[in-house]
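Chemist: Okay, structure incoming, though there's no sequence with it:
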């Protein structure tokens, strides 16, 4: 399974390289810039989701006993 952030980063790097090449027409350049913004937004959403998941406590599983209070 490919990590979504790794895939997004690779797509973003590829798009940036196309922009840096300077071979594009103005309309194609604008399209790629918009694509970069969309990819960055999607990557940001994945990072936020992972951050929230890391902070949320794990649910109690059936059959588990609570730990005694110290």
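Modeler: Structure received. Everything numeric in this text was worked out from a predicted model, so none of it was measured.

Chemist: Just the element for the residue positioned nearest the centre of the chain, please.
Modeler: Nearest to the mean C-alpha position of the chain, by CA atoms, centre = their mean, lies residue 43 at 2.4 Å. In this assignment (DSSP states H and E), residue 43 forms part of helix 26-55.

Chemist: For stretch 58-68, measure first residue to last.
Modeler: Using CA to CA, to the nearest Å, one end of stretch 58-68 lies 17 Å from the other.

Chemist: Now for residue 39, how many residues are close by?
Modeler: Around residue 39 there are 20 other residues, counting by other CB atoms under 10 Å. Every residue, glycine included, has its C-beta placed from N, CA and C.

Chemist: Name the nearest residue to it, sequence neighbours excluded.
Modeler: Closest residue in space to residue 39, ignoring its immediate chain neighbours: residue 12 at 4.6 Å, by CB to CB, 6 or more residues apart in numbering.

Chemist: Work out the gap between the helix holding residue 43 and the centre of the chain.
Modeler: For helix 26-55, the separation from the chain centroid amounts to 7 Å (computed by CA atoms, centre = their mean, to the nearest Å).

Chemist: just stretch 18-37 next, same as before
Modeler: Distance of stretch 18-37 from its chain centroid, counting by CA atoms, centre = their mean, is 21 Å.

Chemist: Distance of residue 13 relative to residue 57?
Modeler: For residue 13, the distance to residue 57 equals 36 Å [CB to CB, to the nearest Å].

Chemist: just residue 39 next, same as before
Modeler: For residue 39, the distance to residue 57 - CB to CB - is 32 Å.

Chemist: still on that earlier bit, packing partners of the helix holding residue 43?
Modeler: helix 4-21 (3 or more CB pairs under 8 Å, 6 or more residues apart in numbering; DSSP states H and E).

Chemist: Need the residues that contact the helix it packs on.
Modeler: 24, 29, 32-33, 35-36, 39-40, 42-43, 46-47 (CB atoms under 8 Å, 6 or more residues apart in numbering).

Chemist: follow-up on the earlier one: pLDDT of the helix holding residue 43, averaged?
Modeler: On average, the pLDDT along helix 26-55 is 87.
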